[in-house]
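Asker: let me see the structure of the following:
(2 chains)
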2 protein chains.
Amino acid sequence: MELLKTPIMPQGFQCTSRFCGLKKRRKDLAVFYSEVTAPAAGVFTKNKFPGIPVILGREIIKKGLLRAIVVNSKISNVGTGEQGLENARRMALAMAKEFNIPQEQVLMGSTGIIAKQLPIKLIEAGIQGISGQLGNDPLEGAKGIMTTDTHPKALSVAVDKAVITLVAKGAGMIEPNMATMLVYIFTDAQIANPDLDRILREAAADSFNMLSVDSDTSTSDSCIIMANGLAGAIPLAQFSEALKFGCVEMAKILARDGEGATKLLLAHVLGANTKTEARIIAKSLVNSPLIKTMAYGADPNIGRVLMAVGKCIECEIIPERLEIHINGQLVFAHSRKAAFDELAVRHLLAGDPVEIIVNLNVGTQEAVAYGCDLTEGYIVENAAYYST
Amino acid sequence: MELLKTPIMPQGFQCTSRFCGLKKRRKDLAVFYSEVTAPAAGVFTKNKFPGIPVILGREIIKKGLLRAIVVNSKISNVGTGEQGLENARRMALAMAKEFNIPQEQVLMGSTGIIAKQLPIKLIEAGIQGISGQLGNDPLEGAKGIMTTDTHPKALSVAVDKAVITLVAKGAGMIEPNMATMLVYIFTDAQIANPDLDRILREAAADSFNMLSVDSDTSTSDSCIIMANGLAGAIPLAQFSEALKFGCVEMAKILARDGEGATKLLLAHVLGANTKTEARIIAKSLVNSPLIKTMAYGADPNIGRVLMAVGKCIECEIIPERLEIHINGQLVFAHSRKAAFDELAVRHLLAGDPVEIIVNLNVGTQEAVAYGCDLTEGYIVENAAYYST
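Answerer: Predicted coordinates for the structure are as follows:
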């Protein structure tokens, strides 16, 4: 298993993106295509106001087969009623015509402003002729799905004779309860359902579901995998490990590019009574505005760590057993602050990433959560964001 | 029932505050005193790392009688082990000597930096002679308990022949699961336990427990009431209503003074299936960074409201029934954006308070949550805050 220096679409997959007139200038339409029908699986937002592409996507993915994915950015097709449904179906139909594939094997995605109708004619015109433009660079596909991202996001992991490639977007409104961003995963490994579905859920649980930029859960976001099998079968365990590795790496990339973020924030909780409790506490740490501003301000504020752990009132915590490390330095144990060089820890905290390790010493379970610091940049970006 | 123009300590109560050397210049020690023994009740943080004053306070309040409260600001006495316990007891002992009252009828409070020992000698010296300085202005008491507050906080409600006065502090690390700030309530109404305890809990549930500045739950904070009875008995229902009114008014004052805040943010959820679900959704709205920055940026972003309601996945929500009003203007109904004058709504949102009303139309329960906008000021204040 190895992270490739330059990401590439696995064999049989191609992609591209285009400007079709939704944004002012930048690319706003992406397509991903497999030359053969691929077993597919997906996880979607748990938000009670799912977008139209999520509502339809759940139906499409049930059949377990995909040929292509089409995604527009700038407008999300959420809260758009009957017309939104029709527009999403027209997107799939345009793809089916352009690529001469079954409409029910096209998955749609939309991301951006909520409660605004898609300019479907612009999208249909954009899809026309796009099949002649396909290439092997996943970063090209990533460009068309960006919203507030500062850079396109893709990575490839080589595993056995196969490749797993992740293309993603996401910088705000990111919190778990699914893979809360758009992540499209392509592999030429031959993995059938229900294995594909199970392995994707397991990988998402420890990566995208442990990622939070701002504790806000999007209405749209989705994580989809297509496995076209062109590289043949590889051992399931090996595939599963590589997929999880790729998802964790992508979660870190997404966290570090959080709106206004200057650094990655990692919270590693050890010695928890249950996996669920380890996850709750790790998430509490990366979600706390006071921890996030502390990472930004580079101050080893132990009180804030105690607070963010202690507010998980449903978890088993024995205050006397708690140990806290910040970037490798023990800062709290035996109910009191440890002796350490404050200036040295401030120096460590000023770097990237900031890693907080909390050992509860009450059990054997652990979890890692991925987040980012909170800066004036988040405020400026979100206070200035106009919804119309 | 009437809010007094100028707050005043009820008869038989006095207070003052002093500078004793914990802060650089400002007052850092406050005392509140009743000339007769008063029935008392309290609610405390649910954080698993409670401060020493909370640990001891729970024991003291069990006996249901208080004569005085002593509070220092700047250092919180949390995560301080055995020495912290001894220091808190020495604070009470110094008060008992100074006022010639039983030590077990003195409640202690501390607020500020965590995991640092109290300079107890400075506090003991500060208590000496303070009984000669008492007065009737609750704002004087409020000054000594301020941390990042921009102004001292007190209010008085007249009810029947009695007065209820609230003195409070709190600007950050404020989220429910108790009264998560310091609130001291004094009344000359004659209310015995267990009524006093029950009425306090009911009032806190709809006010301080519905208040959130940053979703972070403090380790220290407490809400205490003393009822010395000097005004005689008044009808319980009337007292209860007045206390709740006073607590809601104080919750609004605390929210509006949230760290970096420029305005009050109110979320009113109607038509919920249960009271608990109404509270969860109202809290989700005031806690969402994207709603908070929207209040700051004055943009009627309906998508963010849908998102913050929809992420309450444990609540009964039927998307088609949802209605949203922002500052009196219907903005969403029947699964789609309503027709409204965007500029007019932006103008309303630019004011203070911002009020979001969400009618779920699935039941009859409702709740209101109190919060504030999120601005660069919060980041600057908390990134620059040094814990030592």
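Asker: rounded mean pLDDT for the helix or strand hosting residue A:238, please.
Answerer: Using DSSP states H and E, residue A:238 maps to helix A:236-256. Computed over helix A:236-256, the mean pLDDT rounds to 91.
Asker: one more: stretch A:66-86?
Answerer: Stretch A:66-86 shows a mean pLDDT of 92.
Asker: just give me the neighbour total for residue A:63.
Answerer: The tally of other residues near residue A:63 (other CB atoms under 10 Å in any protein chain shown) stands at 11. For the C-beta atoms, the positions are set from N, CA and C on the backbone; glycine is no exception.
Asker: likewise for the one 4 residues further on?
Answerer: For residue A:67, the neighbour count with other CB under 10 Å is 25.
Asker: how near is residue A:168 to residue B:192?
Answerer: Look at residue A:168 and residue B:192: by CB to CB, to the nearest Å, they are 62 Å apart.
Asker: looking at the two, which is more packed in?
Answerer: Between residue A:168 and residue B:192, residue A:168 has the larger neighbour count (other CB under 10 Å), namely 28 against 12.
Asker: the more buried one: what's it in contact with?
Answerer: The neighbours of residue A:168, taking CB atoms under 8 Å, 6 or more residues apart in numbering or on different chains as the test, are A:142, A:153, A:154, A:181, A:182, A:183, A:184, A:250, A:253, A:254.
Asker: for the residues you listed, which two are the farthest from each other?
Answerer: For these, the maximum inter-member distance is 14.2 Å, found between A:184 and A:253 (CB to CB).
Asker: more neighbours, those two?
Answerer: Ranked by neighbour count (other CB under 10 Å), residue A:184 and residue A:253 place residue A:184 first, with 27 against 19.
Asker: for the more buried one, which residues make a bridge with it?
Answerer: Beta bridges link residue A:184 to residue A:167, residue A:224, judged by DSSP bridges.
Asker: where do the helices sit along the stretch 251-388 of chain A?
Answerer: Secondary structure of the stretch 251-388 of chain A (DSSP state H, counting those that start in this stretch): helices at A:275-287, A:289-297, A:302-310, A:342-349, A:376-383.
Asker: pick out the shakiest of these, pLDDT-wise.
Answerer: Lowest mean pLDDT within those: helix A:376-383, a mean of 79.
Asker: that helix near chain B anywhere?
Answerer: Yes. Helix A:376-383 reaches chain B (CB under 8 Å from any CB of the partner chain) through A:376, A:378, A:379, A:380, A:382, A:383.
Asker: then stretch A:282-291?
Answerer: Yes. Legend: contact between stretch A:282-291 and chain B by CB under 8 Å from any CB is shown at A:287, A:288, A:289, A:290.
Asker: now that stretch: buried residues?
Answerer: Buried positions in stretch A:282-291, judged by neighbour count with 16 or more other CB atoms under 10 Å in any protein chain shown: A:282, A:283, A:284, A:285, A:286, A:287, A:288, A:289, A:290, A:291.
Asker: distance between the ends of it?
Answerer: Distance between the two ends of stretch A:282-291: 12 Å, counting by CA to CA, to the nearest Å.
Asker: next: stretch A:231-238.
Answerer: Where stretch A:231-238 begins and where it ends lie 14 Å apart, using CA to CA.
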